[in-house]
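Colleague: only geometry, no sequence info:
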């Protein structure tokens, strides 16, 4: 595929403007943190791991031209981190990446500002390099769950565009394809922002994977007819008990998978786990504006004055999750116990 | 509301072009059966009872200018009926209405052609008058299922626009409102053609009903959060065992209602029952073109070359249906037994 979703180039952040896909592959240059903040908020860059990378690069972008002493530098860094942290609330990778940047500062504040800047830049590179490794590691674990003649349902976009260059749930499919397994894919268009129709379609076509687009409301009948036998999705935040926050509609797919006795797999790096949360009940869920349902790309599809309920994410309770594929291995219920290893893995990373 | 979805005016059929709603209330004139056929096929008029009325009016439109003898007249009527019958396969009201027109001819072929034309026109008026009565009768039965403080989920559009002027599932809500019951409504936008967002929104606003638009994939989370406690939908064809064909996504809602222990009610006139079918397995399901998912009102939202699966309807098995509200009363499981009364009711109507 060789498409990098987001990267540092010369003195700015360059990212694929995902709102322009699939019609146009447009690269957006963010030269200040306001434009980066907007890019995250408007979903020009989206997907938990990619948002993490964007946040880290944004933190660097926000301090790279700082002139002055360490106290002013810390103040500016904190301000930048707070500002970027306000862009979207649900994907924990955003806060995880900002935390990593802050921690680099904390460990190195004895050094001159210019040296700390260099270390912060190196941290962004490390986060990107780790993403490349973790996505491929997840794929290597996850591919064991795919057999020949499987037909897999996925929701939203958990592919290269949601990470640096490979994917979480779609990464598993790419690995299965590399391993020459035979399978096909159905994917939900994923209203309201159509990440499935726009982004997953684009990726799967590029990978020449046998893929069929459906509306979200068709997943049930596709399952009933036996047209899919497994579900793979990504995640935006996973609590310590295995509850999974992911793109709105994921919970619906999980319910339907349970009712049709189809395994429901989540693929997410350890950075997506928020072990500070006992359950998904306290994961902050972003609510977005009504216009996302009333207008589609500038075309009005509902009365302007209709009330709208528009949560961007939902929480799938752990009892509906058959397994969680991570870069630390595959975890199965009971998650409260099995996910202790994730906690350990995270501690070892510090 | 006082909006008539479709009517005979002077020498043509006039109908609300539902593809133009909610932006514009445009009346379309059909002066020949080709334009009426297209109006049904393109969903300018849709909803099982409204399609029935359109078909009956279309049959009359197709023969009203006939000049000649009875043999030629019968041939032309049969041709018109066959042509209109080819417009959409799933809603049985289409065939039911055409059958009624054919039956008027069969019973009266001893009369002069001009007299038969008059009788056929009277039959269209009878079908419309019956629709007004049956929708209100269903509403009177169905309203008993609505309590104060209920919150009702509906899918697609089963309102005035799907009938002559009142509605099936939405008719029950209109009656509840007339009876001053307090309740609110969530409604699915209903991809791909957005009948919920466009049509149900428009109707509920006109009726000043507290209504909230959601994407189809949000129904599950709305149920889980206890934001709805009942589901009411319409139907396009109901088999003798109570299996219900209705707009794609209905089966998904029924599954989710079951999983969340929420009653799932279907509201449909006796004319929507096809007692010749033992189960829903043999209901013909219309598959529509990929472009309905790839384009939304002229805007491309998915790659042009992506494969698409686009059934316009699905079948909800009777075990997920809590009750069926009809103009012959409310029926509950076991349907094989209870629906015998529908068979009887239909026979009495002949």
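Modeller: Perfect, I can see it now. Quick caveat: nothing in here was measured; it's all calculated off a predicted structure.

Colleague: buried ones in the helix-or-strand element of chain A with minimal mean pLDDT?
Modeller: In chain A, no helix or strand scores lower on mean pLDDT, DSSP states H and E than helix A:340-349, which sits at a mean of 88. Neighbour-count burial for helix A:340-349 flags A:342, A:345 (criterion: 16 or more other C-beta atoms under 10 Å in any protein chain shown). For the C-beta atoms, the positions are set from N, CA and C on the backbone; glycine is no exception.

Colleague: so how far is it off the chain centroid?
Modeller: Relative to its chain's centre, helix A:340-349 lies at 20 Å (C-alpha atoms, centre = their mean, to the nearest Å).

Colleague: In terms of secondary structure, what does it contact?
Modeller: strand A:329-331 (3 or more C-beta pairs under 8 Å, 6 or more residues apart in numbering or on different chains; DSSP states H and E).

Colleague: Pull out the buried positions in the strand it packs on.
Modeller: Buried-residue list, strand A:329-331, by 16+ other C-beta under 10 Å: A:330, A:331.

Colleague: now it: how far from the chain's centre is it?
Modeller: Average the C-alpha atoms of strand A:329-331, do the same for its chain, and the two points are 18 Å apart (C-alpha atoms, centre = their mean).

Colleague: List of residues touching the helix or strand following that strand?
Modeller: Counting by DSSP states H and E, the next helix or strand C-terminal to strand A:329-331 is helix A:335-338. Applying C-beta atoms under 8 Å, 6 or more residues apart in numbering or on different chains, the contact partners of helix A:335-338 are A:240, A:241, A:242, A:318, A:321, A:324, A:331, A:332.

Colleague: Also stretch A:319-327?
Modeller: A:133-135, A:137-138, A:141-142, A:145, A:172, A:235, A:238, A:242, A:244, A:251, A:254-255, A:257-258, A:263-270, A:273, A:330-333, A:335, A:339, A:342.

Colleague: Straight-line length of it, end to end?
Modeller: 22 Å (C-alpha to C-alpha, to the nearest Å).

Colleague: Flag every buried residue along that stretch.
Modeller: A:320, A:321, A:322, A:323, A:324, A:325, A:326, A:327.

Colleague: Now secondary structure and pLDDT too, for those residues, in CSV please.
Modeller: Putting the buried residues of stretch A:319-327 into CSV (DSSP: H, G, I helix; E, B strand; the rest coil; pLDDT from 0 to 100) gives the following:
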residue, secondary structure, pLDDT
A:320, helix, 98
A:321, coil, 98
A:322, coil, 98
A:323, strand, 98
A:324, strand, 98
A:325, strand, 98
A:326, strand, 98
A:327, coil, 96
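
Colleague: between the residues you listed, which is closest to residue A:16?
Modeller: residue A:327 (23.5 Å; C-beta to C-beta).

Colleague: Which secondary structure state is assigned to the residue nearest to the closest one when sequence neighbours are not counted?
Modeller: Setting aside the residues directly before and after it, residue A:327 is nearest to residue A:134 in space (C-beta to C-beta, 6 or more residues apart in numbering or on different chains), at 3.9 Å. Put simply, residue A:134 is helix when judged by DSSP: H, G, I helix; E, B strand; the rest coil.

Colleague: which residues does residue A:134 contact?
Modeller: So residue A:134 contacts A:49, A:269, A:270, A:271, A:327 (C-beta under 8 Å, 6+ apart).

Colleague: mind checking how far the closest residue in space to residue A:203 that isn't next to it in sequence is from chain B?
Modeller: Excluding the flanking residues, the one nearest residue A:203 by C-beta to C-beta, 6+ apart is residue A:159, at 4.4 Å. Residue A:159 sits 14 Å away from chain B, taking C-beta to the nearest C-beta, to the nearest Å as the criterion.

Colleague: Near residue A:159, how many other residues are there?
Modeller: 32 (other C-beta atoms under 10 Å in any protein chain shown).

Colleague: Identify the residues contacting the residue lying closest to residue A:195 once chain neighbours are set aside.
Modeller: Closest residue to residue A:195 apart from its sequence neighbours, by C-beta to C-beta, 6+ apart: residue A:157 at 4.3 Å. With contact taken as C-beta under 8 Å, 6+ apart, residue A:157 is in contact with A:46, A:47, A:170, A:190, A:195, A:196, A:198, A:199, A:200, A:203.

Colleague: Is any residue of stretch A:167-175 near chain B?
Modeller: No - using C-beta under 8 Å from any C-beta of the partner chain, stretch A:167-175 stays clear of chain B, coming no nearer than 14.8 Å.

Colleague: nope, stretch A:220-237 is what I meant
Modeller: Yes - using C-beta under 8 Å from any C-beta, we find that stretch A:220-237 touches chain B at A:220, A:221, A:222, A:224, A:227.

Colleague: And that stretch, what's buried?
Modeller: For stretch A:220-237, using 16+ other C-beta under 10 Å, the buried residues are A:220-224, A:227-237.

Colleague: for stretch A:260-277, same thing?
Modeller: Buried residues in stretch A:260-277 (16+ other C-beta under 10 Å): A:260, A:262, A:264-275, A:277.

Colleague: Between its first and last residues, how far does that stretch reach?
Modeller: From start residue to end residue, stretch A:260-277 stretches across 30 Å - C-alpha to C-alpha.

Colleague: Now for residue A:52, how many residues are close by?
Modeller: A count of neighbours around residue A:52, defined by other C-beta under 10 Å, yields 28.

Colleague: neighbours of residue A:38, just the number please.
Modeller: Residue A:38: 14 neighbours (other C-beta under 10 Å).

Colleague: Give me the secondary structure label for the spatially closest residue to it that is not a sequence neighbour.
Modeller: Nearest non-adjacent residue to residue A:38, counting by C-beta to C-beta, 6+ apart: residue A:44, 7.7 Å away. Look at residue A:44: counting by three-state DSSP, its state is coil.

Colleague: quick one: contacts for residue A:44?
Modeller: Residue A:44 touches A:15, A:17, A:18, A:19, A:28, A:38, counting by C-beta under 8 Å, 6+ apart.

Colleague: ok, 10 Å please
Modeller: Contact analysis of residue A:44 by C-beta atoms under 10 Å, 6 or more residues apart in numbering or on different chains lists A:6, A:15-20, A:26, A:28, A:30, A:35-36, A:38, A:54.
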